[in-house]
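>>> fold the following for me, if possible:
(2 chains)
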Amino acid sequence: MDNKNYLKDINDIKTMMSRSSRFMSLSGLSGVLAGIYALIAALYAHFRLSDIPDYADKPAIVATFGDFVSAYRLVNDLVLTACITLTVSILTGAILTMRKAKKQNEKIWNPVSKRLLVNFGLPLITGGIFCIVLIQYHIIGLVAPAMLIFYGLSLLNASKFTIGDIKYLGLANVIIGLVATQFVGYGLYFWALGFGVFHIIYGTILYNKYDRPSPGPSQKEGNIN
Amino acid sequence: MKNIIQHINKAFDHRVRLGIMSILMVNDFADFNMLKELLGATDGNIASHTKALEKEAYISIEKSFINRKPNTRYIVTASGREAFTKHIEALEKLINPNE
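Presented below is the predicted three-dimensional model:
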């Protein structure tokens, strides 16, 4: 009989299976942009940190009230920078993902995207609270590694409900997070690597694999729609 | 060739039924609205096709109330899972007879 119909049946089955269990409209471009924001934030933090006088050379008694004030301000500013980076990244991701969902005729708010958000959000919020606790106890050196580890675990958890490739990004972040625990004081560099460079690399890979408008050789398997 | 055709299941010989089974294979359950949205079919369409699949005992139906609104959940049965897997295998063999 007609072969074409069977092929179409198989394609329909594949499309429905992935559509009903995975949210495929995640934008690769937003990953690249989030990476760029992270690098800018890290650069800003780096300059702010290299501005402070070296306390190690001074006896503790000489540290003035002004030093304390500026240290307090610094922590405040860095936390604010982190929050702004996070907000702008989420906004960019949300806007680009909505645009892509519209293009692919996928509803942005469906049972699948809800599941994705819950599975991504729970470990991430846990990590966020844990980082606040670390700051509370002045264990600043472990904040950057903890952010990387929890973010990586969130991605691993979310990878079952969206484009599967993000599990590698998650794994990479967990690994450098663990490595960073052994290099306290260099947290910012690991943070820039994980949130900046890795995002840009994976965003580019995802963009080429799934978003590219022109049909390439990888388009056939990548773009299910 | 005749052998393979035998495994092509008549119960799945419709786009909507194929879609319902595909969705239920990869989800613990799906409710009426989810099926409707994903398949872009009408209420009556979904209702008649789920009924047909239930008659074959390929899916089971659970009715409950969520916030006093009736909610219908569909779950694939063990025999439905087996039948659909066979159906997919038969389709694949028809497309690629050499494999």
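
>>> contacts for the helix or strand hosting A:V174?
Using DSSP states H and E, the element containing A:V174 is helix A:166-180. Residues outside helix A:166-180 that contact it (C-beta atoms under 8 Å, 6 or more residues apart in numbering or on different chains) are A:26, A:144-149, A:151-159, A:186-187, A:190-191, A:193-194, A:198-199, A:202, A:206. Where C-beta positions appear, they are placed from N, C-alpha and C, glycine not excepted.

>>> using ChimeraX, define a selection of the buried residues within the residues you listed.
Here is the ChimeraX selection string for the buried members of the contacts of helix A:166-180, based on 16 or more other C-beta atoms under 10 Å in any protein chain shown:
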select /A:26,144,145,146,147,148,149,151,152,153,154,155,156,157,158,159,187,190,191,193,194,198,199,202,206
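
>>> which of the contacts of helix A:166-180 fall in helices?
A:144-149, A:151-158, A:187, A:190-191, A:198-199, A:202, A:206 (DSSP state H).

>>> ok, the closest residue to A:P111 other than its chain neighbours - contacts?
Distances taken as C-beta to C-beta, 6 or more residues apart in numbering or on different chains place B:M34 nearest to A:P111, at 5.6 Å, with adjacent residues excluded. With contact set as C-beta under 8 Å, 6+ apart, B:M34 has these partners: A:S20, A:N110, A:P111, B:I23.

>>> pLDDT below threshold where in chain B?
By pLDDT under 70, the weakly predicted segments of chain B are B:1-6, B:99.

>>> give me the residue at the spatial middle of it.
With distances taken as C-alpha atoms, centre = their mean, the residue of chain B nearest its centroid is B:M21 (2.3 Å).

>>> quick check: closest non-adjacent residue to that residue.
Sequence neighbours aside, B:F84 is the residue nearest to B:M21 in space, at 4.8 Å (criterion: C-beta to C-beta, 6+ apart).

>>> how about the helices in the chain?
By default, I'm working from chain A. Going by DSSP H, chain A shows helices at A:3-21, A:28-51, A:65-103, A:111-136, A:143-158, A:166-180, A:187-191, A:198-206, A:219-222.

>>> looking at chain B here, not the other one
Using DSSP H, helices in chain B cover B:2-7, B:15-26, B:32-39, B:43-55, B:78-95.

>>> now for the residue lying closest to A:G35 once chain neighbours are set aside: which residues touch it?
Computed as C-beta to C-beta, 6+ apart, the closest residue to A:G35 that is not its neighbour in sequence is A:H199, at 3.1 Å. Applying C-beta under 8 Å, 6+ apart to A:H199 gives the contacts A:G31, A:V32, A:A34, A:G35, A:A38, A:L169.
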